[in-house]
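1. Turn this into a model:
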Amino acid sequence: VTGLTIDRSNESRVGLIGFTDSEATIRDITLINVTITGNNTVGGVVGEHRGTLTDVTISGSVTGDTNVGGLVGENFGFTTEAPIEDATASVSVTGDTRVGGLVGFHTEGKIQNATVTASGSVTGGFVVGGLVGNSNANVTDASASGSVTGDFTVGGLVGNNFGNITTVTASGDVTGDRRVGGLVGTNTAFSGAGTITNATASGSVSLRSGRSKETAGGLVGRNAGTITDVSASGGVTGGEFSREVGGVVGLNNGTIIDASATGSVTGGASVGGLVGANGVFGGSPEDATIQSATATGSVTGTANDGSVGGLSGRNTGTLRNAAAFGNVTATGEFGSAGGLVGTNRGTLTDAFAVGPVSGNNDVGGLVGFNDSAGTTQQSYFDEQATNQSESAGNATGLTTAQMQGQAATLNMSGFEFGVDWQTQTDPA
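-> Below you'll find the predicted structure:
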């Protein structure tokens with residue numbers, strides 16, 4: 001089908017097909033250069049889908065208000081899996097709430113082997129994603145490469161995730177005001193779900209300028225679920241008044257395991273190479289956990305009293321088996337800067353930092369400022385590489401030679417070399 005135009009801006013359940021029940025099957029369809037306009041529950045192929053959809057390709061534009069998707073407005077499978085498989089969308093999608101390049105609202109069922117290409121830009125207000133706006137179900141083997149722009153809860157792949165996301169990539173640039181992530185805007189634990197596994201994001205993530213702009217991450221804006229085996233390489237940028245800006249997660253109040261960040265990070269307060277803030281004020285260390293994580297990008301915090309760290313700007317949770325390698329700079333007059341953590345109110349164990357650190361107030365090789373509730377165990381910093389001879393907390397300063405090769409196994413007690421860590425004579 002080529003050149004299909006539907007203009008029903010005051011109607012709901014709008015698409016080539018407005019509604020499908022659980023017995024319906026749609027397959028082997030190609031739609032080229034469509035123009036679809038509706039109000040609520042609007043999709044290029046189906047407005048509200050409850051059946052099976054497979055081997056479908058679509059290009060063009062889709063516009064609506066709520067539950068708007070390039071392929072399906074709402075995928076609603078309470079009685080069936082309502083699978084969407086082997087689907088490709090190159091669609092510019094515009095809406096307000098729950099807007100996605102493929103599906104606006106993924107209520108139940110599964111999406112797998114799905115792609116939204118670079119021409120599929122997505123623009124919305126609340127809960128906006130490159131592939132799915134809001135997902136309460138499973139997304140597997142999927143990718144999105146289009147740019148995504150929204151206001152609140154904005155992600156390169158999924159805006160708001162209550163489901164399980166596995167083996168996915170996102171490479172489009174993402175821009176928003178709050179809870180903005182290269183892959184997911186907000187990830188929330190819900191009835192055993194809220195998981196992200198084996199995922200990568202490479203697009204840049206930006207908070208718009210101005211006040212009240214917060215919580216941006218190269219992978220996830222705000223995490224309250226479980227993230228495992230992930231990486232983010234895009235730069236993350238926030239303005240002077242931004243906060244909670246991180247290379248992988250902006251604000252973590254869940255679990256992160258086996259994560260890496262390589263992109264540069266710039267923000268106002270609570271800025272970190274991996275996470276902007278790990279844990280929330282008043283929370284316990286067990287509420288927010290990061291284990292086996294590295295960050296290599298440069299980190300800059302510009303707020304007057306911001307906390308800036310090579311791994312985490314502010315920590316009230318637990319960091320274990322973590323390392324930071326990037327330059328750390330706090331430009332504010334009263335800020336704190338640490339090679340690993342800017343301000344620590346939680347627990348650090350088996351961690352080290354080797355990047356240059358600079359600031360104007362509380363500056364340390366591993367930790368800039370350590371609150372009375374903060375603890376540091378078996379953690380180290382390179383005095384020569386960080387340009388710091390001291391650190392807040394109970395951190396140990398070593399020379400570069402003492403932290404390399406066989407010497408590291410003798411000087412860095414507590415580290416499980418050969419299991420969690422490997423030694424190098426020349427890291428460069």
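2. Next one, pLDDT for the residue nearest to V280 when sequence neighbours are not counted please.
-> Distances taken as Cβ to Cβ, 6 or more residues apart in numbering put N253 closest to V280, at 5.7 Å, once the chain neighbours are dropped. For every residue, glycine as well, the C-beta is placed using N, CA and C. At N253, the model reports a pLDDT of 96.
3. now the one 10 residues further on
-> Per-residue pLDDT puts G263 at 98.
4. Contacts only, for it.
-> Taking Cβ atoms under 8 Å, 6 or more residues apart in numbering, we find G263 in contact with S204, G218, A232, S233, G234, G235, V236, G247, G297.
5. Which pLDDT does the model give the fourth one?
-> Per-residue confidence for S233 comes out at a pLDDT of 98.
6. quick one: it and L274, what's the gap?
-> According to Cβ to Cβ, to the nearest Å, S233 and L274 sit 13 Å apart.
7. Now the common contact residues for these two.
-> Counting by Cβ under 8 Å, 6+ apart, the shared contacts of S233 and L274 are A261.
8. Please identify which of the two sits among more neighbours.
-> Between S233 and L274, counted using other Cβ atoms under 10 Å, the more crowded position is L274 (37 against 20).
9. For stretch 407-420, buried residues please.
-> Buried positions in stretch 407-420, judged by neighbour count with 16 or more other Cβ atoms under 10 Å: A407, A408, N411, M412, F415.
10. helix or strand for the second one, which one?
-> Secondary structure here is read from DSSP states H and E; on that basis A408 sits in helix 405-411.
11. would you put the C-alpha positions of that helix in CSV?
-> Output in CSV follows, covering the C-alpha atoms of helix 405-411 (Å, rounded to 0.1, in the frame of the first residue of the first chain):
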residue,chain,number,x,y,z
GLY,A,405,51.1,-5.5,37.5
GLN,A,406,52.2,-7.9,40.3
ALA,A,407,52.5,-4.9,42.7
ALA,A,408,48.8,-4.3,42.6
THR,A,409,48.1,-7.8,43.9
LEU,A,410,50.3,-7.0,46.9
ASN,A,411,49.1,-3.5,47.6
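12. For that helix, which helices and strands make contact with it?
-> Using 3 or more Cβ pairs under 8 Å, 6 or more residues apart in numbering; DSSP states H and E, no helix or strand is in contact with helix 405-411.
13. All the helices of this protein, residue numbers only.
-> 383-386, 405-411 (DSSP state H).
14. And the contacts of the last one?
-> Just to be clear, that refers to helix 405-411. Against helix 405-411 from outside (Cβ under 8 Å, 6+ apart): Y380, L398, A401, Q402, M403, F415, F417, T423, Q424, T425.
15. let's see it at 10 Å
-> By Cβ atoms under 10 Å, 6 or more residues apart in numbering, the list of residues contacting helix 405-411 from outside reads 352, 380, 396, 398-404, 415, 417-418, 421-426.
16. same question, the shortest one
-> Defining contact as Cβ under 10 Å, 6+ apart, one finds that helix 383-386 is touched by 310, 324-325, 327-328, 338-340, 353-358, 363-366, 389-391, 396-403, 427.
17. quick revisit: derive a PyMOL selection command for the buried subset of the contacts of helix 405-411.
-> To isolate the buried ones among the contacts of helix 405-411 in PyMOL, judged by 16+ other Cβ under 10 Å, type:
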select buried, resi 352+380+396+398+402+403+404+415+421+423
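18. Sitting in strands, which of the contacts of helix 405-411 do you find?
-> Counting by DSSP state E, the part of the contacts of helix 405-411 found in strands is F352, Y380, T396, L398.
19. could these go into JSON lines alongside distance to G156 and pLDDT?
-> Below are the ones in strands among the contacts of helix 405-411 laid out as JSON lines (distance: Cβ to Cβ, whole Å; pLDDT from 0 to 100):
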{"residue": "F352", "distance to G156": "31", "pLDDT": "96"}
{"residue": "Y380", "distance to G156": "35", "pLDDT": "96"}
{"residue": "T396", "distance to G156": "39", "pLDDT": "95"}
{"residue": "L398", "distance to G156": "39", "pLDDT": "96"}
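20. Let me have those residues in JSON lines, extended by distance to T123.
-> Formatted as JSON lines, the ones in strands among the contacts of helix 405-411 follow (distance: Cβ to Cβ, whole Å):
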{"residue": "F352", "distance to T123": "43"}
{"residue": "Y380", "distance to T123": "47"}
{"residue": "T396", "distance to T123": "50"}
{"residue": "L398", "distance to T123": "50"}
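21. Among those, which one sits closest to I196?
-> Comparing those against I196 with Cβ to Cβ places F352 closest, at 26.4 Å.
22. Double-check the closest one against L340; I have them as touching.
-> Yes. Between F352 and L340 there is a contact under Cβ atoms under 10 Å: 7.3 Å.
23. Overlap in contacts, these two.
-> G310, L311, A322, A323, A324, G365, L366, S379, Y380, F381, A395.
24. Sort out which of those residues are buried, if you could.
-> G310, L311, A322, A323, A324, G365, L366, S379, Y380, F381, A395.
25. quick check, nearest of those to R179?
-> L311 (21.0 Å).
26. Find the nearest non-adjacent residue to the closest one, please.
-> A324 is the one closest to L311 (Cβ to Cβ, 6+ apart), at 4.3 Å.
27. quick one: contacts for the one you found?
-> Per Cβ under 10 Å, 6+ apart, neighbours of A324: 247, 261, 272-274, 293-297, 299, 309-312, 338-341, 351-355, 357, 366, 381, 386.
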